[in-house]
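>>> following is a predicted model, sequence given first.
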Amino acid sequence: MTAALSPSLDTRSGSADPQRILQEVFGYDRFRGPQQAIVEHVVAGGDALVLMPTGGGKSLCYQIPAIARQRAGLGVTIVVSPLIALMHDQVGALHEAGVSAAFLNSTLDWTETQDVERRLARGEITLLYAAPERVTTPRFLALLDGLRERGRLALFAIDEAHCVSQWGHDFRPEYRGLTVLHERYPGVPRIALTATADDLTRADIVERLQLQDAGRFVSSFDRPNIRYAIVEKKDVTTQLLRFIEAEHPGDAGVVYCQSRKRVEELAQTLADAGIHALPYHAGLDAALRQRHQDRFLREEGVVMVATIAFGMGIDKPDVRFVAHVDMPKNIEGYYQETGRAGRDGAAADAWMAYGLQDVVNQARMIDESPAEGDFKQVMRGKLDALLALAEATDCRRVRLLDYFGEASTPCGNCDNCLNPPEVWDGTDAARKLLSTIYWIKKQSGIGFGAGHIMDILRGKATDKTAQYGHDKLSTFGLGAEFSEAQLRGVLRQLIATGALHVNAEAYNTLQLTDGSRAVLKGEVPVRLRASISAPAARKPRRERGGSGGKAASPAAASLDAAAQARFAALKSWRAEVAREHNLPAYVIFHDATLAAIAERDPRTIGDLQGVSGIGAKKLEAYGDEVLRVCNG
């Protein structure tokens, strides 16, 4: 077995040309999208703000400049990253490519930390990864001061830059301290990168990180390989099981829940149903949480049931689905979480179930937060936008891209395009619901929850309607023609548009607002989809192969029988190498690279040259082994 590459193999005397680095180090013939323009801008010393979707190749936008500037004698690149898992995987991948990289985080003991610091001082590291809270410590700043004095500080790369913005979906106060980088080291270029930021968040990033003069590079946010589907929540556990069993048996996936308790319960339910599911949330023992994450990254077909604490920076390429059983807070969060599916470019699903209680819960959390009124107003607007996406009757992708300021045309691949929903006029139902709430408050002096309001309007006799005399109200039974599902849809929209308020301090009771008046007068129409609980008609599912219900890799789908056998042998070999190096298999080679090797049926080292994903160091390290496996 070939030994793991030493970080010392990084050759700073090599070419500083970005195109040569792309080919020789990473094994790719050409840049994608705006990568080349970004790389050349940063290599030349320019600041940059980069917005690029998950899977779009953001890391190369700072890794190649880091290598180029190191080879030009300009020193080390500091990568600010919020997650330990991301640091470990990216450093491991760089080592595999022959690049000297390291991290400083809490997993290192004092001796290991000192060793990294000594290597840094000697100029032996090309990229150093560190968390924002470490970067702003006096000790770390002293290290940077020393590098600057010797002219060895080449670049700052700030990953997940949306974390600096209070308007972003994952605001982290420690990111605010990164302003020190520009103030203390004004001559060192900076590149800030994120996959999700609306106009408000982008403006905040620019202001907080002082990037007013930076080049701005905004890629398309479209992920055409992801199919978006949103269903009305009924029995969500059963709905999720049916979705996984029908569409993704044996596939790797992520299921997002709002609460830790729900994560535990749902993971157990999926496991009981024969799905390889594991829980992940911040309340788990740290060692167990790490083991579960490692299994997700290193094993095939694992479904991770998680809170939003899981996933940022996870580079696993073959996640075939992301499911939400609870509605996220905003479109940015939804987009980033769904973007963890299909990073390899193959078909993937983004599936979400939501209901009235989701809207109530999210509205309550906004109202109960200690934030200022302006902040709450922005958060309500973001929730409204997500609800509009969920309730939409037109193309999901058009709505999603429009939120990020990108025009598009109907995709023909989301649930609404595949199975256009019926639409009904809910204006009359909305007026009757609001009237019921008005008369209840006038009669009883207190508010009531959604279930009781619907019972009254539908004329359902209960102990509560009798107890409060609500069966005598003029609106009792006035909406008998409406189903509970219809009324819940109306309530969701009224809450989202501000025509109804959920009073969290009074047991989630519903209250009229200033916005109720226009709806009551019939001045604001309420139009809704007839039902979003049924699954969309789907295109034929890809053929699946392998054993034990595991899905065949999409990358190998077009290979003939002999090449499929080579691909399977290469995957087994790769798994062995990955275990030996304690890395996820895709860090060694992606499935697409193995498929290209299998199709080429190489006989010599020369036959492997030019295969996408095989750089010079990987060819040196693994070429002979790959030939042995293919010809064995």
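Right, received. Where do you want to start?
>>> only C-alpha atoms from now on, for both contacts and neighbour counts.
Fine.
>>> could you count how many residues lie near the closest residue to Q511 other than its chain neighbours?
Nearest residue to Q511 in three dimensions, chain neighbours excluded: H501, at 5.1 Å (C-alpha to C-alpha, 6 or more residues apart in numbering). Neighbour count of H501, defined by other C-alpha atoms under 10 Å: 23.
>>> tell me which element H501 is part of?
Under the criterion of DSSP states H and E, H501 resides in strand 500-503.
>>> can you give me the helices for the stretch 51-200 of the chain?
Here the stretch 51-200 of the chain has its helices, by DSSP state H, counting those that start in this stretch, at 58-71, 84-96, 110-121, 132-135, 138-149, 179-184, 199-208.
>>> make TSV out of the ones you listed and add mean pLDDT.
What follows is the helices of the stretch 51-200 of the chain, written out as TSV (pLDDT from 0 to 100):
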stretch	mean pLDDT
helix 58-71	96
helix 84-96	89
helix 110-121	94
helix 132-135	94
helix 138-149	95
helix 179-184	94
helix 199-208	92
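>>> out of those helices, nearest to P602?
Nearest of these to P602, taken as C-alpha to C-alpha: helix 84-96 at 21.4 Å.
>>> and that closest one with helix 58-71, angle?
Here helix 84-96 runs at an angle of 50 degrees relative to helix 58-71 (axes from the mean of the first three to the mean of the last three C-alpha atoms, to 10 degrees).
>>> extract the CA atoms of stretch 149-162 and return them as CSV.
Once non-C-alpha atoms are left out, stretch 149-162 reads as follows in CSV (Å, rounded to 0.1, in the frame of the first residue of the first chain):
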residue,chain,number,x,y,z
GLU,A,149,7.5,41.6,9.4
ARG,A,150,9.3,38.9,7.3
GLY,A,151,7.1,39.5,4.3
ARG,A,152,5.6,36.0,4.7
LEU,A,153,1.8,36.8,4.9
ALA,A,154,0.3,36.2,1.5
LEU,A,155,-3.5,36.1,1.8
PHE,A,156,-6.5,35.9,4.1
ALA,A,157,-9.4,33.6,3.0
ILE,A,158,-12.6,34.0,5.0
ASP,A,159,-14.9,31.1,4.3
GLU,A,160,-18.6,31.0,5.1
ALA,A,161,-18.5,34.8,5.1
HIS,A,162,-22.2,35.1,5.6
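>>> where's E406 relative to V206, distance?
20 Å (C-alpha to C-alpha, to the nearest Å).
>>> who's more crowded, the two?
Set side by side, E406 and V206 show more neighbours around V206, with 20 against 14, by other C-alpha under 10 Å.
>>> ok, that one - contacts?
Remark: with contacts taken as C-alpha atoms under 8 Å, 6 or more residues apart in numbering, V206 is in contact with L49, Q212.
>>> before we move on, what about A192?
Shown in contact with A192 (C-alpha under 8 Å, 6+ apart): A48, L49, V50, A157, I158, D159, E160, A161.
>>> Provide the partner residues of it in its beta bridges.
According to DSSP bridges, the residues that bridge with A192 are L49, I158.
>>> which stretches of the stretch 301-450 of the chain form helices?
Remark: helices assigned in the stretch 301-450 of the chain by DSSP H, counting those that start in this stretch are 331-338, 356-368, 373-391, 396-403, 415-418, 427-444, 450-457.
>>> count of neighbours near Q467?
Neighbour number of Q467 under other C-alpha under 10 Å is 9.
>>> please tell me how far it sits from T126.
Relative to T126, and taking C-alpha to C-alpha, Q467 is found at 74 Å.
>>> also A565?
A565 is 39 Å from T126, by C-alpha to C-alpha.
>>> higher neighbour count, those two?
Using other C-alpha under 10 Å, the more surrounded residue of A565 and T126 is T126, with 27 against 14.
>>> ok, the more buried one - contacts?
A66, I67, Q70, G75, V76, T77, V99, S100, A101.
>>> tell me which two in the residues you listed are the farthest apart.
The largest separation in these, counting by C-alpha to C-alpha, is between G75 and V99 at 13.6 Å.
>>> now do A569: how many residues are near it, please.
Using other C-alpha under 10 Å, the number of residues around A569 comes to 18.
>>> where does this protein dip in pLDDT?
Applying pLDDT under 70 to the chain flags residues 1-13, 309, 311-313, 504-505, 531-552.
>>> chain center to the longest helix along it: distance?
Taking DSSP state H as the criterion, the chain has its longest helix at helix 561-581. Here helix 561-581 shows a centroid-to-chain-centroid distance of 28 Å under the convention C-alpha atoms, centre = their mean, to the nearest Å.
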